[in-house]
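1. need the 3D shape of this:
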Amino acid sequence: MTRTALITGGTRGIGLGIARALAREGWTLALGGVRPDADVAPVLDELRAHGVAIHYVRGDLARPGDRARIVEDVQARLGAAVNALVNNAGRAPRVRADLLDATEASFEELLRTNLQGPYFLTQAIARAQVEQRRVDPSFAASIVFITSVSAETVSTDRGEYCVSKAGLSMAARLFAVRLAADGIPVFEVRPGIIATHMTEGVRDVYQRRIADGLVPEKRWGEPEDVGKAVAALLRGDVPYATGSVINVDGGLSIPRL
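-> Below is the predicted model of the structure:
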């Protein structure tokens, strides 16, 4: 049976690492993003080389109209309900600003993109999954939220990002409890310092901090590290564990003296 998944922000960075892991396992994928179709074409071709169907659904999760269109597009391409939703899309502040100087505009932009968007996208996808499971109890469904170590770890020069990820962490717990009786597990995956386009601008800073011991494993995380963790969750390799938080951070979140 074909397994289907929607991965938001699935054409680069962590989302692409997840898409690669699932494509290797034969998943049919819808990848969300905001870039023009021509810009993502090489990535789609790369993933299709695994012999799977790959679709690109363009839209801004921060916009209710775009979210509705994404859901309609995915349902038209993949069926009434997808087996898996991976809430990965998000953004960093356009400018890192001290907590006392940060703007309301930046706060609102990050909360709409990183929290409100995935919250209500999950609502729509979960409704379809619940209905599908009532019609066909053998239909396997699951949801993964990609948050960040910043859900708990403080960075005072990007407070709005931390708040958005902390809120997303709670969203994962809320949906885990609400959907448990429907047989739909919900997981939270918290990446640490991952080598992506989002961290390119602060690469030297993080490189020094990793060398100084911030990360016990003493290396950058790779998108594929997160991809493998998500693939295991969606395969059902971690049963009876809805609501669990999976840290993919090389030990960064371990309290140390």
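2. contacts only, for Glu25.
-> Glu25 sits next to 231, 235 when contact means CB atoms under 8 Å, 6 or more residues apart in numbering. C-beta: built from backbone N, CA, C; applies to glycine.
3. rerun that using 7 Å as the cut-off
-> Ala231 (CB atoms under 7 Å, 6 or more residues apart in numbering).
4. for Arg35, same thing?
-> Applying CB under 7 Å, 6+ apart, the residues near Arg35 are Thr11.
5. swap in Gly26?
-> Val52.
6. got the phi/psi numbers for it?
-> Main-chain dihedrals, Gly26, degrees, to the nearest 10: phi 90, psi 10.
7. what's the spacing between it and Val86?
-> Computed as CB to CB, to the nearest Å, the Gly26 to Val86 distance reads 16 Å.
8. which residue ranges of the stretch 51-200 of the chain form strands?
-> Secondary structure of the stretch 51-200 of the chain (DSSP state E, counting those that start in this stretch): strands located at 54-58, 84-87, 142-146, 186-191.
9. for Gln116, which of those is the nearest?
-> Closest to Gln116 of the strands of the stretch 51-200 of the chain is strand 84-87 (CB to CB; 11.8 Å).
10. tell me the strands beside that closest one, with direction?
-> Neighbouring strands of strand 84-87 in its sheet, by DSSP bridges, are strand 4-7 (parallel), strand 142-146 (parallel).
11. so what touches the last one?
-> This means strand 142-146. If you take CB under 7 Å, 6+ apart as the criterion, strand 142-146 is touched by 14, 84-88, 118, 122, 126, 168, 171-172, 175, 184-189, 191, 230, 233-234.
12. that one to strand 186-191, inter-axis angle?
-> 30 degrees (axes from the mean of the first three to the mean of the last three CA atoms, to 10 degrees).
13. got the CA coordinates for strand 142-146 in CSV?
-> Taking C-alpha atoms only, strand 142-146 is exported to CSV below (Å, rounded to 0.1, in the frame of the first residue of the first chain):
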residue,chain,number,x,y,z
SER,A,142,0.6,10.1,12.3
ILE,A,143,1.8,13.6,12.8
VAL,A,144,5.3,15.0,13.6
PHE,A,145,6.1,18.5,14.7
ILE,A,146,9.6,19.7,14.1
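14. shift numbering so it begins at 34
-> Understood, numbering begins at 34; the last thing we discussed is strand 175-179.
15. pLDDT averaged over that strand - what is it?
-> Averaging pLDDT along strand 175-179 yields 99.
16. how far does it sit from its chain's centre?
-> 7 Å (CA atoms, centre = their mean, to the nearest Å).
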